[in-house]
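Visitor: I need the structure of the sequence given here:
(chains A, B and C)
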Amino acid sequence: MPELPEVEILVRHLRPLLAGRTIREVHVQRPAVLDPTTAPRFKMALRGATFLGVTRRGKYLLFEMRAPGSPRRFMLLGHLGMTGRMYLARKSEPWPKHAAVVLELGANQFIYDDPRYFGRLTLDASPVAKLGPEPLTAQFTPGLLARELKRSRQPVKVKLLDQSLVAGIGNIYASEALFRAGLSPRRAANRLSAPQVEKLWQAIRKVLTEAIDCGSTIPLNFQPHRSNGLFYYGSTQGGFYTERLRVYDRAAQPCGRCQTPLKRMIQAARSTFYCPHCQKK
DNA sequence: CACCATGTTCCTTG
DNA sequence: CCAAGGAACATGGT
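Guide: Predicted coordinates:
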């Protein structure tokens, strides 16, 4: 479930549940997700530590911790990879098949579950330093986007996935933003006009903001066997779950704007979805 | 069996 | 320095 909006929703969900809770015991089932932290060091740091807050940067979750028996603070960095989930369950709940890390919090347990183990839960917060600006803050301006895009001849779709340009856009919202902006995913980044950059800037913010609003309407009470982390697809507008994404995973379906069949293509080894009529070069 | 998958990093080649 | 392509990580769905 992991692009910026999904991570943002998760962070808002976890923050009040975790704030003030102290870790009683640490279980590491899959040491690779701690990399480069070792399991002994991870356990040493977290046993007895207290959650102070949870924030987000790009697709990363930042858990602010207080060390046991001291005012010293440190960061725990989380990333969901492709399939990761982080949630609280009652202590009695059995762990899911691919539980990577479990933190005992007394009556509850924090579970990091990840079938593909592409995600991270680590003491190394250095990846955050390489991220570009947050797209939903004032740091992200049309001028900045224009300057960054000017430096590359890569297709604009591929550039949008570059986390050092803007943090948090993934394969789904890259396609969605370009559709909203009416821009071809193939267009060389440095060949967008100023008005097109402005449109793209607005489309990025709109797509992400709407996704967050949409996800906020869905209860996030994760259970080991009843995952509803799939809020890419759902919105409860009018009391019904309706499809929200306009192009992603909709190859051959009619464009919602012009009825032309949508297309799928491969760019940088990833699928891109677009409308060949509304998104001309 | 084939192919696909929301992410990131590393490597090679040009 | 940049770009493009591929592979790797590991598992599950169709």
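Visitor: Show me where the stretch 1-150 of chain A has its helices.
Guide: Along the stretch 1-150 of chain A, the segments classed as helices by DSSP state H, counting those that start in this stretch run A:4-18, A:39-46, A:142-150.
Visitor: Check those for me and report the most buried one.
Guide: Stretch with highest mean neighbour count among those: helix A:4-18 (a mean of 21; mean count of other C-beta atoms under 10 Å). (Glycine included, C-beta is placed from N, CA and C.)
Visitor: Output the contacting helices and strands for that helix.
Guide: Under the contact definition 3 or more C-beta pairs under 8 Å, 6 or more residues apart in numbering; DSSP states H and E, helix A:4-18 sits against strand A:50-57, strand A:60-66, strand A:85-90, helix A:194-216.
Visitor: for it, what is the average pLDDT?
Guide: The pLDDT scores in helix A:4-18 average 94.
Visitor: Then stretch A:22-34?
Guide: 97.
Visitor: who's in contact with that stretch?
Guide: With C-beta atoms under 8 Å, 6 or more residues apart in numbering as the test, stretch A:22-34 has contacts from A:38-39, A:42-43, A:46-51, A:95, A:98-106, A:110, A:112, A:114, A:117, A:119-123.
Visitor: Looking at the helices of the stretch 1-150 of chain A, spot the one closest to DNA strand C.
Guide: helix A:142-150 (9.7 Å; C-beta to the nearest atom of the strand).
Visitor: Output the closest one as CSV, nothing but the C-alphas.
Guide: Output in CSV follows, covering the C-alpha atoms of helix A:142-150 (Å, rounded to 0.1, in the frame of the first residue of the first chain):
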residue,chain,number,x,y,z
PRO,A,142,6.5,25.2,-9.9
GLY,A,143,9.9,27.0,-10.2
LEU,A,144,11.7,24.2,-8.4
LEU,A,145,10.0,21.5,-10.4
ALA,A,146,10.9,23.4,-13.6
ARG,A,147,14.5,23.7,-12.6
GLU,A,148,14.8,20.0,-11.7
LEU,A,149,13.0,18.8,-14.9
LYS,A,150,15.3,21.0,-17.0
